[in-house]
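Peer 1: no sequence for this one, just the structure:
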């Protein structure tokens, strides 16, 4: 373990030792010659005392030089650089603190939110640092480290990307970065955060001691409203997730203003998902609030908003082989006004980014050739809400291309493969009372036959086959977009008769209703992420109102950020009134945690500790061996010097 010093500049004072030594050597006693007639009166003790006196003076000089050197070393403050917390006691240290302010840090444990616990911990660390040390905390608004000011700060979560790359860059650009920097990262380290930190360190290393303070809950659990579907004007279907603990008789209510429906009870298994239908008379277009009345430790995801107005279908893009997809376009047109806005059919070679940007629902059916525009869209980190219906190919080679595309949004997806049936199978609906199949005339669609289909569909099954396989499934991707997967092509195909049957149009109608059913809003976005400004560059000035009807002040920029989840109303004289549903990031509700991987060579000097551990480390101001060692040596040298002092006996002779 290498020895270092907090204040090495004090060793410049060692130059004085050379001066002291020079003075000692130059200051020699003069020899005086006295002639004696006889030496018989001189004893041998006198000669020995003279020799001892010379030795004592030499030892005294060495002792005093060592004493001065030890005093200088004490002011230089030695330490062994084996742990990051050593720099806490460096009077010249610069301590930079970043607190994760994502919504998951609202998790309440022992009557205190983890975010507030991090703020209080910052105050405690500041109180334990040397007075001359500097401490900085990261300011999300300024996007920079600012000097710490204790003002009993109250934690307020911030939706959106953590922007850790900006945090790292702000640290490296700071004027105190070269002054013994210590970076303290306080977070619950949800899995995406840990992965992002490792990724940034691999390409953007920091020359600083790093202390990761884990505020992960001891026994994490949470209930969350994960999805809401408006079923025509009759009901709302609510999906709830139970993470880490079973939900028993949870109560869900729908509120319109101050009027609410009777609570509907639901039970969800641990780490499972449950659904419940709340009937209500939807005769007026209003903003409604859904509430899960449970005192779980994370409350932000117990509330969501919907707009109860008549659903408005979005523009639809059908992407793939145009010869096979004309039947999809015809079926959507057959729905009339219920089919939505414009329907565009494009091949992978002809589709443009403009076609993709204008479409809120994209049906991907047998792309067959590489599609750069689609690949760019699926690779994008833009969290604007969107909807996809992905129909898997009937050809094994094309299925490999499907797998490659889907991994861009679903990296955990398993390898897709075909199942060729000995006997044709029929679709079997789970019921005819919920979500997708509400009011459908029959459960088993015996007029449809399936000869083969793709297996290992991601998400929750929406429809099975008579052989037990999954025909349709649904899930939301990591960016908040809703997906429906079909195990068969929905265009012209040899593996099924769905495109030739009488139920083709009703099935497609239900799919479009389901995928477009999030509270009937015109657009879905994720809180905290930039989206296109809906009122910028209008002929007439537009306005945006929040869920309470209050006007929202937004900057005059091409992109804006909605920080608070809810329903926002967009009003401008030259466009129809529209609604934007701003949702929290669903990943913030997940109880999956991952601290940075210190086994990698990314961190030269880093530790992971808990809140109590870092306080105990910073509390050790004067308990190190190296703190006492200079004092012990100085004490011994002083005793040795006293021992070397010349004493006088009763005869007046020095001894």
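Peer 2: Great, that's in hand. This structure is a prediction, so every number in the text was calculated from the model and none was measured.
Peer 1: With residue 591 as the reference, measure out to the closest residue to residue 462 other than its chain neighbours.
Peer 2: Of all residues beyond its chain neighbours, the one nearest residue 462 is residue 472 (4.2 Å), with distances taken as CB to CB, 6 or more residues apart in numbering. Using the backbone N, CA and C atoms, a C-beta is placed for each residue, glycine as well. In this structure, residue 472 and residue 591 are separated by 28 Å, where distance is defined by CB to CB, to the nearest Å.
Peer 1: isn't the residue nearest to residue 462 right next to residue 459, touching?
Peer 2: No - assessed by CB atoms under 8 Å, residue 472 is found out of contact with residue 459, at 9.3 Å.
Peer 1: Quick check: end-to-end length of stretch 369-387?
Peer 2: The straight-line separation of the ends of stretch 369-387 (CA to CA, to the nearest Å) is 22 Å.
Peer 1: Likewise for stretch 126-146?
Peer 2: This stretch, stretch 126-146, spans 14 Å end to end (CA to CA).
Peer 1: Could you give me the buried positions within that stretch?
Peer 2: When burial is assessed from 16 or more other CB atoms under 10 Å, stretch 126-146 yields the following buried residues: 126, 128-129, 133-138, 140, 144-145.
Peer 1: Name the nearest of the residues you listed relative to residue 546.
Peer 2: If you rank these by distance to residue 546 using CB to CB, residue 140 comes first, at 21.0 Å.
Peer 1: The closest residue to the closest one other than its chain neighbours and residue 331, how far apart?
Peer 2: Residue nearest to residue 140 in three dimensions, not counting chain neighbours: residue 158, with 5.5 Å by CB to CB, 6+ apart. When CB to CB is applied, the distance between residue 158 and residue 331 equals 44 Å.
Peer 1: how about the helix or strand residue 634 falls within: buried residues?
Peer 2: Here residue 634, judged by DSSP states H and E, is contained in helix 625-644. Residues 627, 630, 633-634, 637, 644 are the ones in helix 625-644 that count as buried (16+ other CB under 10 Å).
Peer 1: repeat for stretch 320-338
Peer 2: Neighbour counts over stretch 320-338 (16+ other CB under 10 Å) mark 320-321, 324-325, 327-329, 331-332, 335 as buried.
Peer 1: Please apply the same query to stretch 450-457.
Peer 2: Using 16+ other CB under 10 Å as the test for burial, stretch 450-457 gives 450-455, 457.
Peer 1: In the stretch 501-650 of the chain, where is pLDDT below threshold?
Peer 2: Applying pLDDT under 70 to the predicted model, the residue ranges of the stretch 501-650 of the chain that meet it are 516-523, 537-540, 574-575, 599-605, 617-627, 646-650.
Peer 1: which SS state does residue 223 fall under?
Peer 2: Here residue 223 is strand, with the state taken from DSSP: H, G, I helix; E, B strand; the rest coil.
Peer 1: Next up, identify which helix or strand the residue lying closest to it once chain neighbours are set aside is on.
Peer 2: What sits nearest to residue 223 in space, not counting adjacent residues and going by CB to CB, 6+ apart, is residue 296, at 4.6 Å. Per DSSP H and E: residue 296 is located in neither a helix nor a strand.
Peer 1: tell me which element residue 276 is part of?
Peer 2: With elements delineated by DSSP H and E, residue 276 resides in strand 272-279, which encompasses its position.
Peer 1: How far off centre is the helix or strand that that strand is followed by?
Peer 2: Later in the chain than strand 272-279, the nearest helix or strand by DSSP H and E is strand 287-293. In this view, strand 287-293 has its centroid 27 Å away from the chain centroid, taken as CA atoms, centre = their mean, to the nearest Å.
Peer 1: List the neighbouring strands of the helix or strand following strand 287-293 plus their orientation.
Peer 2: Heading C-terminal from strand 287-293, the first helix or strand you meet, by DSSP H and E, is strand 303-307. Strand 303-307 has the following strand partners under DSSP bridges: strand 287-293 (antiparallel).
Peer 1: Just give the nearest non-adjacent residue to the spatially most central residue of the chain, would you?
Peer 2: With the centre of the chain defined as its mean C-alpha position, the nearest residue by CA atoms, centre = their mean is residue 193, 3.4 Å away. Nearest residue to residue 193 in three dimensions, chain neighbours excluded: residue 187, at 5.7 Å (CB to CB, 6+ apart).
Peer 1: Which strand residues bridge the one you found?
Peer 2: Residue 187 has these beta-bridge partners by DSSP bridges: residue 214.
Peer 1: circling back to that earlier point, neighbour count winner among residue 472 and residue 591?
Peer 2: Neighbours around residue 472 and residue 591, counted as other CB atoms under 10 Å, are more numerous at residue 472. The numbers are 26 against 22.
Peer 1: Domain boundaries for this protein, per the record?
Peer 2: 3-81+625-649, 83-219+593-617, 316-517, 523-586 (automatic domain parsing).
Peer 1: heading toward the C-terminus, what's the first helix or strand past the lowest-mean-pLDDT helix or strand in the chain?
Peer 2: Least confident element among the helices and strands of the chain, by mean pLDDT, DSSP states H and E: strand 78-80 (a mean of 64). Next in sequence after strand 78-80, counting helices and strands by DSSP H and E, comes strand 94-99.
Peer 1: That following strand: partners in the sheet, and parallel or antiparallel?
Peer 2: Strand 94-99 pairs in its sheet with strand 134-139 (parallel), strand 181-187 (parallel), by DSSP bridges.
Peer 1: Buried residues in the helix or strand harbouring residue 570, which are they?
Peer 2: Taking DSSP H and E as the definition, one finds residue 570 inside strand 566-572. Judged by neighbour count (16+ other CB under 10 Å), strand 566-572 contains these buried residues: 566-570, 572.
Peer 1: now the helices for the chain?
Peer 2: In the chain, the segments counted as helices under DSSP state H are 15-26, 44-76, 114-128, 164-173, 191-203, 322-334, 353-358, 372-379, 396-406, 504-515, 611-619, 625-644.
Peer 1: Please name every helix or strand in contact with the fourth one.
Peer 2: So the one you mean is helix 164-173. The elements that helix 164-173 packs onto, with contact taken as 3 or more CB pairs under 8 Å, 6 or more residues apart in numbering; DSSP states H and E, are strand 144-147, helix 191-203.
Peer 1: Give me the distance between the longest one and the centre of its chain.
Peer 2: Going back to what we said before, that points to helix 191-203. Between the mean C-alpha point of helix 191-203 and the mean C-alpha point of its chain there is a distance of 9 Å (CA atoms, centre = their mean).
Peer 1: what angle separates it from strand 181-187?
Peer 2: Counting by axes from the mean of the first three to the mean of the last three CA atoms, to 10 degrees, helix 191-203 points 160 degrees away from the direction of strand 181-187.
Peer 1: Helix 191-203 versus helix 164-173: what angle between them?
Peer 2: Between the axes of helix 191-203 and helix 164-173, defined by the same axes, to 10 degrees, the angle is 40 degrees.
Peer 1: name the helices or strands packed onto helix 191-203?
Peer 2: If contacts are counted by 3+ CB pairs under 8 Å, 6+ apart, helix 191-203 sits against helix 164-173.
Peer 1: Quick check: buried residues in the helix it packs on?
Peer 2: Neighbour counts over helix 164-173 (16+ other CB under 10 Å) mark 164, 167-168, 170-171 as buried.
Peer 1: still on that earlier bit, which of the residues in the strand holding residue 276 are classified as buried?
Peer 2: Applying 16+ other CB under 10 Å to strand 272-279 flags 274-278 as buried.
Peer 1: which residues touch it?
Peer 2: 226, 231, 234-242, 247, 252-254, 261, 264-268, 290, 433-435, 460 (CB atoms under 8 Å, 6 or more residues apart in numbering).
Peer 1: so how far is residue 123 from residue 168?
Peer 2: Using CB to CB, we find residue 168 at a distance of 24 Å from residue 123.
Peer 1: give the contact list for residue 534.
Peer 2: 523, 542, 544, 570, 578, 580.
Peer 1: From residue 61, how far out is the second one?
Peer 2: Yep, that's residue 542 we're talking about. Counting by CB to CB, the separation of residue 542 from residue 61 is 88 Å.
Peer 1: How about the third one?
Peer 2: In this structure, residue 544 and residue 61 are 84 Å apart, going by CB to CB.
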